[in-house]
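> need a 3D model of the following:
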Amino acid sequence: MTLLICLIAVALFFDFLNGLHDAANSIATIVSTRVLAPRYAVFWAAFFNFIAFLVFGLHVAGTVGSGIVDVAVVDDRVILGALGGAISWNLLTWYLGIPSSSSHALIGGLLGAGIAKAGLGAVVWPGVLMTSAAIVLSPALGFALALLLVLIVSWLFVRSTPAAVDGTFRKLQFVSASLYSLGHGGNDAQKTMGIIAVLLYAHGQASGPFHVPLWVVLSCQSAMALGTLLGGWRIVHTMGSKITRLSPVQGFCAETGGALTLFAATAFGIPVSTTHTITGAIIGVGAARRVSAVRWNVAQGIVVAWVITMPAAALVGALVYALSGFVLS
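Sure, this is the predicted structure:
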């Protein structure tokens, strides 16, 4: 029981880091457009991160808990490997200010540890392929929706003065930031819920069809909200100003396009990266102004981090799994 409690604590620490690392996803645009000061923006985002469980089902938790690695091979060492790989990658990219995916780091760590234990037979390929496809599809959809929204808004407000448009969308950004934070809390917190739930099954503390106890839901939402509250300011700077300069109307379109993508993915139980999604949306609104408005060298560096996240976390996850044999024995 002591080991179970320690592993749950590590899982919640990862969830806290997820919120800390991904706070930029929720607040970068509203901060960079100076609609809301950073210290208020994190409270705003943390609140909507927490209440997300009231809006969404737990389909993503089910995918992570039973749709990535065969539940039969999951034990304490596999979970420790998954969390070790994800936490290591999160800390490194947070320190460097690189907006990488906490979600894919966790899935990569889980795959690495699961394969280290039972080989490729441990992999649930439909879930992994769906998640891998989302690496490309979620930023592409965020890009397309944000670009479309910019075009629609430009057409609707073609006769309005710039000052009037700016004033309107400064208010609307409160709505779009809320929606994105809601989508972030709904998709990301569920990944840790899935890890803790499968851990409870492995220890005989849960039985019957796969489900997530309410105390796990509340713990994960709270840990993520607390992480968001403390904010990852290095990544906020990258997301909010290094990729492209944003106006309130662009911030609204980026957040709304990203939120729509997250809502759809969460409804279908697809664990997507909120980082990938909002980055694609920000690039979309920048490109709508002009292609040169996007700092493509920064975007290129972010994409490289996306590509190596799962393999890097998988390698660390496998290593932690191997080393944990000495510790847990």
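
> what about the helices in the stretch 51-200 of the chain?
Ranges of helices within the stretch 51-200 of the chain are 59-66, 76-96, 102-118, 125-156, 162-202, based on DSSP state H, counting those that start in this stretch.

> those: which one's closest to Gly19?
Of all the helices of the stretch 51-200 of the chain, helix 162-202 sits nearest to Gly19, with 7.9 Å by Cβ to Cβ. Glycine gets a C-beta too; all of them are placed from N, C-alpha and C.

> packing partners for the closest one?
Applying 3 or more Cβ pairs under 8 Å, 6 or more residues apart in numbering; DSSP states H and E, we find helix 162-202 packed against helix 2-32, helix 38-50, helix 59-66, helix 76-96, helix 102-118, helix 214-230, helix 248-267, helix 274-289.

> related to what we said a few turns ago, now, of the helices of the stretch 51-200 of the chain, which is deepest in the fold?
Mean neighbour count (mean count of other Cβ atoms under 10 Å) peaks for helix 102-118 among these, with a mean of 28.

> related to what we said a few turns ago, let's have the helices of the stretch 51-200 of the chain in a markdown table, adding distance to Thr228.
What follows is these, written out as a markdown table (distance: least, Cβ to Cβ, whole Å):
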| stretch | distance to Thr228 |
| --- | --- |
| helix 59-66 | 18 |
| helix 76-96 | 13 |
| helix 102-118 | 12 |
| helix 125-156 | 20 |
| helix 162-202 | 8 |
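
> between these, which one is closest to Phe53.
helix 162-202 (7.4 Å).

> what's the closest of the helices of the stretch 51-200 of the chain to Val35?
Comparing these by their distance to Val35 (Cβ to Cβ), the top pick is helix 162-202, with 4.8 Å.

> related to what we said a few turns ago, CSV for the helices of the stretch 51-200 of the chain, including mean pLDDT and distance to Ala46?
Shown next, in CSV, are the helices of the stretch 51-200 of the chain (pLDDT from 0 to 100; distance: least, Cβ to Cβ, whole Å):
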stretch, mean pLDDT, distance to Ala46
helix 59-66, 85, 20
helix 76-96, 87, 17
helix 102-118, 90, 16
helix 125-156, 88, 22
helix 162-202, 89, 8
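
> wait, which of these is closest to Ala305?
helix 76-96 (6.5 Å).

> next, the angle helix 59-66 makes with that closest one.
120 degrees (axes from the mean of the first three to the mean of the last three Cα atoms, to 10 degrees).

> tell me what helix 76-96 is packed against?
Using 3+ Cβ pairs under 8 Å, 6+ apart, helix 76-96 sits against helix 2-32, helix 102-118, helix 162-202, helix 233-237, helix 296-328.

> quick one: closest of the helices of the stretch 51-200 of the chain to Trp306.
Per Cβ to Cβ, nearest to Trp306 of those: helix 125-156, 6.3 Å.

> any idea how far that closest one is from the chain center?
15 Å (Cα atoms, centre = their mean, to the nearest Å).

> likewise stretch 153-164?
With Cα atoms, centre = their mean, you get 33 Å for stretch 153-164.

> dump that stretch to CSV, keeping only the CA atoms.
As requested, the backbone C-alpha atoms of stretch 153-164 are provided in CSV (Å, rounded to 0.1, in the frame of the first residue of the first chain):
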residue,chain,number,x,y,z
VAL,A,153,-13.8,37.9,-38.6
SER,A,154,-12.1,40.1,-41.2
TRP,A,155,-15.1,39.9,-43.4
LEU,A,156,-17.6,40.6,-40.6
PHE,A,157,-15.7,43.6,-39.3
VAL,A,158,-14.5,45.0,-42.6
ARG,A,159,-16.3,48.3,-42.1
SER,A,160,-15.3,48.7,-38.4
THR,A,161,-12.5,50.9,-37.2
PRO,A,162,-9.4,49.2,-35.8
ALA,A,163,-10.1,50.7,-32.4
ALA,A,164,-13.6,49.3,-32.3
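
> hang on, the earlier thing: so which of the helices of the stretch 51-200 of the chain comes closest to Leu230?
Nearest of these to Leu230, taken as Cβ to Cβ: helix 76-96 at 11.2 Å.

> any idea of the angle that closest one forms with helix 102-118?
Using the same axes, to 10 degrees, one finds that helix 76-96 and helix 102-118 are set 150 degrees apart in direction.

> got the CA positions of helix 76-96 in CSV?
Only the C-alpha atoms of helix 76-96 are listed here, as CSV (Å, rounded to 0.1, in the frame of the first residue of the first chain):
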residue,chain,number,x,y,z
ASP,A,76,4.5,-0.6,-10.6
ARG,A,77,7.7,-0.6,-12.6
VAL,A,78,5.9,0.1,-15.8
ILE,A,79,4.1,3.1,-14.2
LEU,A,80,7.3,4.3,-12.6
GLY,A,81,9.0,4.1,-16.0
ALA,A,82,6.2,6.0,-17.8
LEU,A,83,6.2,8.8,-15.2
GLY,A,84,10.0,8.9,-15.0
GLY,A,85,10.2,9.4,-18.8
ALA,A,86,7.5,12.0,-18.9
ILE,A,87,8.8,14.0,-15.9
SER,A,88,12.4,14.0,-17.2
TRP,A,89,11.3,15.3,-20.6
ASN,A,90,9.0,17.9,-19.1
LEU,A,91,11.6,19.3,-16.8
LEU,A,92,14.2,19.5,-19.6
THR,A,93,11.9,21.3,-22.1
TRP,A,94,10.5,23.6,-19.3
TYR,A,95,14.0,24.7,-18.4
LEU,A,96,14.9,25.3,-22.1
